[in-house]
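>>> Here's my sequence, what's the structure:
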Amino acid sequence: MSTYLRRYWQLYFLLILPITYFLTFKYGPMYGIQIAFKDFNFFQGINDSEWIGWDAFREVFQNQDFYKTLRNTLMLNFLDLLVSFPAPLLLAIMLYEVKAVWFKKLSQTILYIPHFISWVIIGGIVYQVFGTQSGFVNNMWMALGFQPIPFLTDPNYWLVTYLLTGVWQSAGWGTILYLAALTGINKELYEAADMDGAGRLKRIWHITLPGLKTTIITLLIINLGNMVTIGFERPFVIGNVAVQDYSDVLSTFVYRIGLESGQYTLATVVGLFQAVVGLIFVLGANYASKKSTGEGIL
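Numbering: from 1, shown residues only. Below is the predicted model:
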């Protein structure tokens, strides 16, 4: 073992930075979990605050807003799983089937760009395009003599806008993992399929998709683990008072009770709840995957 370490010390040296990052920003903050069991006082600090046991958990679980935001979080994540999860897979397969290299590179660049745009900017674009009174789409629609469509004020229309915006922002970036996995598929399988007279759809069904099975399962398990965890920016920026019954999620709930109201104990309780339930989802999805397909990530 010592010989191996001396021979490849450069590789272990390179691990110092990511290990330091995880210890500092992932494991270090776990010290603050005890706030969920204390009547946290900002001036007294974590150690000197009074222990209150499970009282904060009881208060959160008796709060009706918590259950509403939990319902919305699960609903939006589940719909995202149905709509956004297949999109990168389909894009990757289509790009892989494109033979013109210049067109493939141009398409990849165009599809990747939205991932690097801030959700604040995307929110501004959404309001400029889909706004009821001043949005580009509704201006064109009203110019044709039709009534404006409430994309951002009607809950059902807002939900569609929310999901499609997420697909546009994330699908291109998500294709990277699938395209990387596609390069590992043996090209001789496609050549043999061509000689046997298999068409493009049959090659995709019998070669491409089975070759991506491990990647699909891994990403699915990760997504299931995030079912109760949702980003703050997207629902906060695109949401508004008119659609609060759909757009109010756990992350915005934590923002209100934590930063706006200063109830750090309750905010920590919700965060701990998300972490524990997310872990249960990951372990459950991994167990189900191993039982059904024999593959998992743990």
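>>> Would you list the phi and psi of D39?
Note on D39: backbone dihedrals following degrees, to the nearest 10 are phi -80, psi 80.
>>> Which of the residues in stretch 106-124 are classified as buried?
Counting neighbours by 16 or more other CB atoms under 10 Å, one finds that the buried residues in stretch 106-124 are S107, Q108, L111, P114, W119, I122, G123. Heads up, the C-betas are built off the backbone N, CA and C, glycines and all.
>>> thinking the third one is in contact with T175, fair?
It refers to L111. Yes - in terms of CB atoms under 8 Å, L111 counts as a neighbour of T175; the distance is 6.7 Å.
>>> circling back to that earlier point, now, the buried residues of stretch 106-124 that are in helices?
Using DSSP state H, the members of the buried residues of stretch 106-124 that fall within helices are S107, Q108, L111, W119, I122, G123.
>>> what residues do L111 and T175 have in common as contacts?
L91 (CB atoms under 8 Å, 6 or more residues apart in numbering).
>>> Quick check: L182 touching T215?
No - if you go by CB under 8 Å, L182 and T215 don't touch, sitting 9.1 Å apart.
>>> model confidence over the helix or strand harbouring F236, on average?
Taking DSSP states H and E as the criterion, F236 maps to helix 233-238. For helix 233-238, the mean pLDDT works out to 91.
>>> I'd like to know which elements it is packed against.
Under the contact criterion of 3 or more CB pairs under 8 Å, 6 or more residues apart in numbering; DSSP states H and E, the helices and strands touching helix 233-238 comprise helix 119-130, helix 155-182, helix 244-247, helix 250-254.
>>> Buried residues, it. List them.
Of the residues in helix 233-238, those scored as buried under the neighbour-count criterion (16+ other CB under 10 Å) are R234, P235, F236, V237, I238.
>>> starting at the chain centroid, how far to that helix?
Distance, stretch centre to chain centre, for helix 233-238: 13 Å (CA atoms, centre = their mean, to the nearest Å).
>>> Contacts for it next, please.
The set of residues that contact helix 233-238 without belonging to it, under CB under 8 Å, 6+ apart, is 76, 118-120, 122-123, 126, 152, 158, 161-162, 165-166, 247-249, 251-252, 255.
>>> Mark which of the residues you listed are buried, thanks.
Judged by neighbour count, with 16+ other CB under 10 Å as the criterion, the buried members of the contacts of helix 233-238 are 76, 119, 122-123, 126, 152, 158, 161-162, 165-166, 247-249, 251-252.
>>> closest to A285 among those residues?
L76 (18.4 Å; CB to CB).
>>> now the stretch 151-298 of the chain, which segments are flagged as low pLDDT?
293-298 (pLDDT under 70).
>>> cool, the stretch 1-150 of the chain as well?
Per-residue confidence for the stretch 1-150 of the chain (pLDDT under 70) gives these ranges: 1-2.
>>> so can I have TSV of the buried residues of helix 233-238 showing distance to Q274?
Converted to TSV, the buried residues of helix 233-238 look like this (distance: CB to CB, whole Å):
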residue	distance to Q274
R234	16
P235	15
F236	16
V237	20
I238	21
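>>> H206: which of those residues is nearest?
When the buried residues of helix 233-238 are ranked by distance to H206 (CB to CB), R234 comes first, at 37.0 Å.
>>> Can you give me the first-to-last residue distance of stretch 143-156?
Chord length of stretch 143-156, first to last residue, is 24 Å (CA to CA, to the nearest Å).
>>> residues making contact with it?
By CB under 8 Å, 6+ apart, the surrounding residues in contact with stretch 143-156 are 126-127, 130-133, 135, 137-138, 141-142, 157-158, 160-161, 238, 240, 242-243, 245-246.
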